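In: Below are the sequence and a predicted model for it; my questions follow.
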Amino acid sequence: MLAVVVGGCAGKGQIDLEGGVGITSVRSACPSVGVPASTGDITMFDPPASRDASAIDVTAVMTNVRSTCDETGADIVTTVRFDVRASRLRGDAPRDVTVPYFITIVRGGTAVVAKRIGRVNVHFDAGQTRAQTSGTASAMVARSAATLPEDVRKKLTQKRKAGDSNAAVDPLSAPDVRQAVLRASFEALVGFQLTDEQLKYNATR
């Protein structure tokens, strides 16, 4: 199943006043893509133990995050591309800086089911304090895991006529339906792979 129609109705974006009540909503099998809080930038210090502003060596920001999704096979493949914009304090000699990043698959909003670590290399030319590079990450989700069970789908698409006792009841208010939708919902999240100290710095500065 590539999409789920929520609520009983005639067609996408329409309200069926004769056969039932409800408004169509389309659920994609592709995971949503984002950057977790406090992981979209990284600061490196020299010396590493210092947290003084004067000790900031290199900073980098992850930006222009975009994705493509291939739903044609047994696995749903999401490819995420992003840019890394970096700056350094000293711009005398050429320099290469390696920045680690991650992509993780989160199920149901809380459960991390897979994670990969990658690295991008940022090259500074001599005399330059700014540089930019790009990175790519991919993730796969089994179509069977992102597909709602047939009984849950029937509950979501069941037509409800005006005046029926359940006409105004949101099917997602049922715990079993809500949990099934959560289990079939995935996110692909990318960010810099930070140390505990770097994450603390980002969260408290």
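Out: Now that the structure is in, tell me what you want to look at.

In: Let's check: the centremost residue of this structure is which one?
Out: Nearest residue to the geometric centre of the chain (CA atoms, centre = their mean): Val33, 2.7 Å.

In: quick one: the strands in this protein?
Out: For the chain, applying DSSP state E gives strands covering 3-5, 26-28, 32-34, 41-45, 56-70, 75-88, 95-107, 111-124, 130-142, 186-192.

In: Pull the residues that contact the third one.
Out: Identification of contacts with strand 32-34 by CB atoms under 8 Å, 6 or more residues apart in numbering yields Val65, Arg66, Ser67, Thr78, Val80, Phe186, Glu187, Ala188, Leu189, Val190. C-beta coordinates here come from the backbone N, C-alpha and C atoms, glycine included.

In: contact partners of stretch 57-67?
Out: Outside stretch 57-67, the residues touching it (CB under 8 Å, 6+ apart) are 33-35, 39-46, 78-89, 97, 99, 101, 122, 188, 190-192.

In: give me every residue that touches Ala131.
Out: Ala131 neighbours (CB under 8 Å, 6+ apart): Arg85, Ala86, Ser87, Arg88, Val122, His123, Phe124, Asp125.

In: Need the buried ones from these selected in ChimeraX.
Out: Burial among the contacts of Ala131 is assessed by 16 or more other CB atoms under 10 Å; the matching ChimeraX selection reads:
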select :85,86,87,88,122,124
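
In: Can you tell me which of the contacts of Ala131 comes closest to Ser138?
Out: Val122 (21.0 Å; CB to CB).

In: was I right about Arg116 contacting Ala137?
Out: Yes. Using CB atoms under 8 Å, Arg116 is in contact with Ala137, at 6.8 Å.

In: quick one: common contacting residues for the two?
Out: With CB under 8 Å, 6+ apart as the test, Arg116 and Ala137 both reach Ile103.

In: So for the two, which residue has more residues nearby?
Out: Shown here are Arg116 and Ala137; by other CB atoms under 10 Å, Ala137 has more neighbours (21 against 14).

In: separation between the nearest residue to that one once chain neighbours are set aside and Val58?
Out: Excluding the flanking residues, the one nearest Ala137 by CB to CB, 6 or more residues apart in numbering is Ile103, at 3.8 Å. Distance from Ile103 to Val58, counting by CB to CB, to the nearest Å: 22 Å.

In: can you check Leu89 too?
Out: With CB to CB as the criterion, Leu89 and Val58 are 8 Å apart.

In: Neighbour count: the two, which is higher?
Out: Legend: neighbour count by other CB under 10 Å for Leu89 and Val58, higher for Val58 (21 against 12).

In: Would you mind giving the domain segments of this structure?
Out: Domains of the chain are assigned by automatic domain parsing as 1-30+148-183, 33-142+189-204.
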